[in-house]
Structures are given as structure tokens and as C-alpha cells.
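Visitor: Quick one: sequence plus predicted model below, questions after.
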Amino acid sequence: MAHLLRTPTRPNAASALRGVTAAILAGGLGTRLRPALADCPKVLAPVGGRPFLFRLLDVLAQAGIERTILLTGHLADQVEEAAGELYGNMALAYSRELEPLGTGGALRLAVPLLDTPTILLVNGDSYCRVNLRSFADFHRRRRASLSMVLARVPDASAFGRAELDFHGVIRGFAEKQTAGPGWVNAGLCFLQRDLVREIPAERAVSLEREMIPDWIERKRVVGYRSPAPLIDIGTPASYARAQRAFGCAARD
């Protein structure tokens, strides 16, 4: 099944992110959101009249990403049927976990499909407007192993909170622990393929709790601070806020 986008999908050639494969974490159980979705995968939750996944794919296609891997699990058949193998000009492929592997395990499972040196990893339940070309340039200029988009929120307790030094290098990362305002993981990061290969295979692994703190100790991990708000659909309350945000955007 091919999809037509509402906006042009063939970007200016100069703006294409060459040498980058995108991967979307699309296999979450969506336990907290299940009362609002019934048997719909979280990534297909309708937001502002469109499946949330399609909004993420729009961003990638419009930026010039040529190939995206969907890391599926829970209700994977529905995701594959909805998205198909082509989205605009962007090819889609699937890596399906047969049992929950966590964010890290799902990414590690997809290594055979991740055939470029740089990977753009996207959370399937969050959205933060970022110029992906500028973010890619930032990642390359900083010669980082991992570059993470950060958004400022008034209460960081529901997110992964990053502590940065004066130069923007991330020196600490705590997943869903610290209350109060802070810079948090906005669900977009560039990382090198050799880093993905370090993730233990064939078991459940959390990127946020296991791998990122370890990489901060051993690798160059930097933060890309975005002025845009973070929109997520992980809970009924945040899902309702996302509906309002995209509903307003659709009318503007």
C-alpha cells in the first residue's frame, strides 16, 4: 500500500539526509493508553484526525529520509497493514519482535536492516518539531556517537532527564526519576551503527536505563536543545493534550 502525503514528499536534493536510515519504535504495549484505544496500537492512535505514526512519517519523508524501519511488536499486523511498504517516496521495512525486547532490544534486533553508518531513532509516541537537516549537521560537527534532541518541560519526572555541561555534552541521564523543570529526551536521536551493535542481543534491554548511562560514561553523547514543545501520547492526559495541539495546528 502506498500513501500520498498532504505536503510535498520530494525535498530539495540539497536537504536530503543521505547516509541515514530512520528507525521508529512502534512496538510498545501502550498499557496506560489502552482504555482510550481498545485494540489499536499506540502508534496508530488518531491524533488530530490522522494516525500518530503518519505524522512521524511525514516529518521523515519531508526531510529526505529514503528508508525507515518500523520496530514493531504488539499488534504488529495492524501497523504493517496501515503503513505498507511505501510512504510517499520513502521505503518502509519492518523488524518484528516476537516477545517484548524493550527499546534497546528492539533496536538491536533490527541491525540486519540498519545498513547505514548513522541511524535516526524516533520514539513512536512523541513528537517534537525539529529541523532534521540542522540536527544531522550538528551530530556530524560534534563528532558524536549519540546526539539527543532535548526539550524543556516544567516537570521532568515522566521523562528521561539529561544533565548537560557548559558545552552541551550530556554528563548524566535519569529515566523517570527527578521532578521539577529540566531538559528531557524528546524522542529523537542520531546514533552510530557501531553503537547499536553494542546492545546485548536476544534479550530485553532498555536504552534509557541500561545503554544511555553506559554510553555517557564511555562515548561522546551530546544534547541538541530544541525550543519546540514536546508532545507525547503516552497517557490519557497527554493524549488529550496532543489532540488539542494538532487540532489547533490543523485549523491554523
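Guide: Right, received. Where do you want to start?

Visitor: elements contacting the longest strand along the chain?
Guide: The longest strand of the chain (DSSP state E) is strand 182-192. On a contact count with 3 or more Cβ pairs under 8 Å, 6 or more residues apart in numbering; DSSP states H and E, strand 182-192 meets strand 118-123, strand 126-127, helix 132-141, strand 146-153, strand 160-164, strand 221-226. For every residue, glycine as well, the C-beta is placed using N, CA and C.

Visitor: give me that answer again for 7 Å
Guide: strand 118-123, helix 132-141, strand 146-153, strand 160-164, strand 221-226 (3 or more Cβ pairs under 7 Å, 6 or more residues apart in numbering; DSSP states H and E).

Visitor: which other helices and strands contact the longest helix that the chain contains?
Guide: Taking DSSP state H as the criterion, the chain has its longest helix at helix 236-251. In terms of contacts (3+ Cβ pairs under 7 Å, 6+ apart), helix 236-251 is packed against helix 34-37, strand 46-47, strand 231-232.

Visitor: Which one of these has the poorest average confidence?
Guide: Across the helices and strands packed on helix 236-251, helix 34-37 has the smallest mean pLDDT, namely a mean of 68.

Visitor: so where's the protein uncertain?
Guide: 1-16, 30, 34-36, 177, 248-252 (pLDDT under 70).

Visitor: Contact partners for Gln243?
Guide: By Cβ atoms under 7 Å, 6 or more residues apart in numbering, Gln243 lies in contact with 47-48.

Visitor: hmm, 6 Å instead?
Guide: Neighbouring residues of Gln243 by Cβ atoms under 6 Å, 6 or more residues apart in numbering: Val47.

Visitor: Could you pull up the residues touching the closest residue to Leu191 other than its chain neighbours?
Guide: Once flanking residues are discounted, Leu191 sits nearest to Leu146: 4.5 Å by Cβ to Cβ, 6 or more residues apart in numbering. By Cβ under 6 Å, 6+ apart, the contact list for Leu146 reads 191, 215, 221.

Visitor: Recalculate using a threshold of 7 Å.
Guide: Contact analysis of Leu146 by Cβ under 7 Å, 6+ apart lists 189, 191, 195, 215, 219, 221.

Visitor: Can you give me the distance of the first one to Ser145?
Guide: Counting by Cβ to Cβ, to the nearest Å, the gap from Cys189 to Ser145 is 11 Å.

Visitor: neighbour count winner among these two?
Guide: Comparing Cys189 with Ser145 by other Cβ atoms under 10 Å, the one with more neighbours is Cys189, at 24 against 19.

Visitor: And for that one, nearest residue in space, chain neighbours not counted?
Guide: Excluding its sequence neighbours, the residue lying closest to Cys189 (Cβ to Cβ, 6+ apart) is Met148, at 4.4 Å.
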